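Undergrad: I would like the atomic coordinates for the input below:
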Amino acid sequence: MRYALSCLLSISILFICITAEAKADDTSDSIYTLKHVLKVHIATPDSALSLLNTMEAKKLEKLCLINAQRGIVYAGKGQQRMALNYALKAYQDTILRHEYIYYLQTMSCIVNAYKLLENHKLSIRYLTEGIKAAREMGHKQTEANFLFTMGENYYALNQKQEAYDYFIQAINLLENEESFRMKPYLSYFYGELTSYLSKEGKYKEAIAICNKREELINLMKKQDGIPLGYIDQQSAYLYIKQAYLYAQLGILQKASTHFEKFSATRYSKHKAAHIDITAYRLAMKQYKQIIDYYQKTDLTELTADTISREF
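TA: The predicted structure follows:
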């Protein structure tokens, strides 16, 4: 779960990066541009860093923007301390305030790094500024992301009422937005809120959120240009969670029905899916199936991050 969450956080940062790319004024085909670095930083982060070093040496771009991009690259590499170091350097340069997309991008990097480093109070401090800035700029996508991240920090501090207040604020903000590009964020928020409620045994409330997510996914299915792989993955996450929740409530027929829906998705065959499958089978008391699965599985193919606590 922690691995999956980290990946999704990286996606959140990437989404802001893509927005920055779309807003970039530079239209040059040169590889020594922020636009090009944004394009390659996930696939080839070391090359992206090398390009940024050259850009700094040749003074091809403002240093604060170069440092902002370094922060994003290191965040994508999972090196949160390095990401924080460069993001803070960029943040401390007053020029960054006039580059509003890069400013939001940098704030996102800072708050996520502090959260992942478990310095929740500092993450909250910067989030307070970030939420205000995003609101003033009318950047609702980032505002919602910051609100939800604020909730995650409060949850980690065991201040659950504050956490849920922020979760709901983030969800309400996106539910009231017509823009399609907000929908993937909303689906993610629904999924995370479901997990928090489930962890506390609030299964009926979690199912209610799942129902809202199902409506959203069905709406996204009708949109042109949505990758089939994305819809398949979102549907798989939803179905296996519904199966688990119904199993916990003892509604076994519904649990089985949703597990069959999950099994029909392509994602259900992915190695990472075994965590949720195991949780479901434990809830259904299908212990023999769990044993059979792991006896047939090459455990060396499963990374440490994907082996559940129940294993």
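
Undergrad: check which residues of stretch 64-71 are buried.
TA: Along stretch 64-71, these residues count as buried under the neighbour rule (16 or more other Cβ atoms under 10 Å): C64, L65, I66, N67, A68, Q69, R70, G71. In this view, the C-beta of every residue, glycine as well, is placed from N, C-alpha and C.

Undergrad: any idea how far the fourth one is from N153?
TA: It stands for N67. 24 Å (Cβ to Cβ, to the nearest Å).

Undergrad: same check on the last one?
TA: Applying Cβ to Cβ, one obtains 19 Å for the distance of G71 from N153.

Undergrad: the second one too?
TA: With the distance defined as Cβ to Cβ, L65 ends up 27 Å from N153.

Undergrad: ok, now the first one?
TA: C64 sits 26 Å away from N153, going by Cβ to Cβ.

Undergrad: cool, and the fifth one?
TA: As judged by Cβ to Cβ, A68 and N153 stand 22 Å apart.

Undergrad: cool, A134 as well?
TA: Taking Cβ to Cβ as the measure, A134 falls 16 Å from N153.

Undergrad: just to revisit the earlier point, A206: which of the buried residues of stretch 64-71 is nearest?
TA: Within the buried residues of stretch 64-71, the smallest distance to A206 is 34.8 Å, found for G71 (Cβ to Cβ).

Undergrad: so where is this protein shaky, pLDDT-wise?
TA: 1-29, 298-311 (pLDDT under 70).

Undergrad: phi first, then psi, for the residue lying farthest from the centre of it.
TA: Distance to the chain centre peaks in the chain at K58, reaching 34.9 Å (criterion: Cα atoms, centre = their mean). Dihedral pair for K58: phi -90, psi 0, per degrees, to the nearest 10.

Undergrad: ok, now the one 4 residues further on?
TA: Its backbone dihedrals place K62 at phi -60, psi 140, with angles given as degrees, to the nearest 10.

Undergrad: and it, how far from K221?
TA: Relative to K221, K62 is positioned 42 Å away (Cβ to Cβ).

Undergrad: also A163?
TA: As defined by Cβ to Cβ, A163 lies at a distance of 31 Å from K221.

Undergrad: now do E152
TA: Distance from E152 to K221, counting by Cβ to Cβ: 28 Å.

Undergrad: comparing those two, which residue is more hemmed in?
TA: Ranked by neighbour count (other Cβ atoms under 10 Å), E152 and K221 place E152 first, with 22 against 12.
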